[in-house]
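Participant: Any chance you could fold what I've pasted below:
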Amino acid sequence: MAQKVVRCGIKKESGFLYFIDKDGDVARAKMARGGKKRKKKAAKKKKVTKKRKTTRKKVTKKRATKRRKR
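Facilitator: Presented below is the predicted three-dimensional model:
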């Protein structure tokens, strides 16, 4: 459990997160809020290159040979 050590008289503003930084000072950062959409960047045009058609090798199945009864 945390324990209050010193009362410093900081007025908290809504939308900010207050914490003690590595130097021991009280610092604040704006809270991240979910659900906000960002603007889309302009789409870059890609070069269109023709693709060569690859030829597939024909797969041949081995036929089962019938054994002769002697």
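
Participant: And stretch 21-30, end to end?
Facilitator: 15 Å (C-alpha to C-alpha, to the nearest Å).

Participant: now stretch 20-30
Facilitator: By C-alpha to C-alpha, the extent of stretch 20-30 from end to end equals 14 Å.

Participant: who touches it?
Facilitator: 8, 10, 13, 15-19 (C-beta atoms under 8 Å, 6 or more residues apart in numbering). For glycine as for every other residue, the C-beta is placed from the backbone atoms N, C-alpha and C.

Participant: What subset of those is buried?
Facilitator: Among the contacts of stretch 20-30, none scores as buried (criterion: 16 or more other C-beta atoms under 10 Å).

Participant: Make JSON lines out of those residues and add pLDDT and secondary structure.
Facilitator: Shown next, in JSON lines, are the contacts of stretch 20-30 (pLDDT from 0 to 100; DSSP: H, G, I helix; E, B strand; the rest coil):
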{"residue": "Cys8", "pLDDT": "77", "secondary structure": "coil"}
{"residue": "Ile10", "pLDDT": "80", "secondary structure": "coil"}
{"residue": "Glu13", "pLDDT": "90", "secondary structure": "coil"}
{"residue": "Gly15", "pLDDT": "91", "secondary structure": "coil"}
{"residue": "Phe16", "pLDDT": "91", "secondary structure": "strand"}
{"residue": "Leu17", "pLDDT": "90", "secondary structure": "strand"}
{"residue": "Tyr18", "pLDDT": "88", "secondary structure": "strand"}
{"residue": "Phe19", "pLDDT": "87", "secondary structure": "strand"}
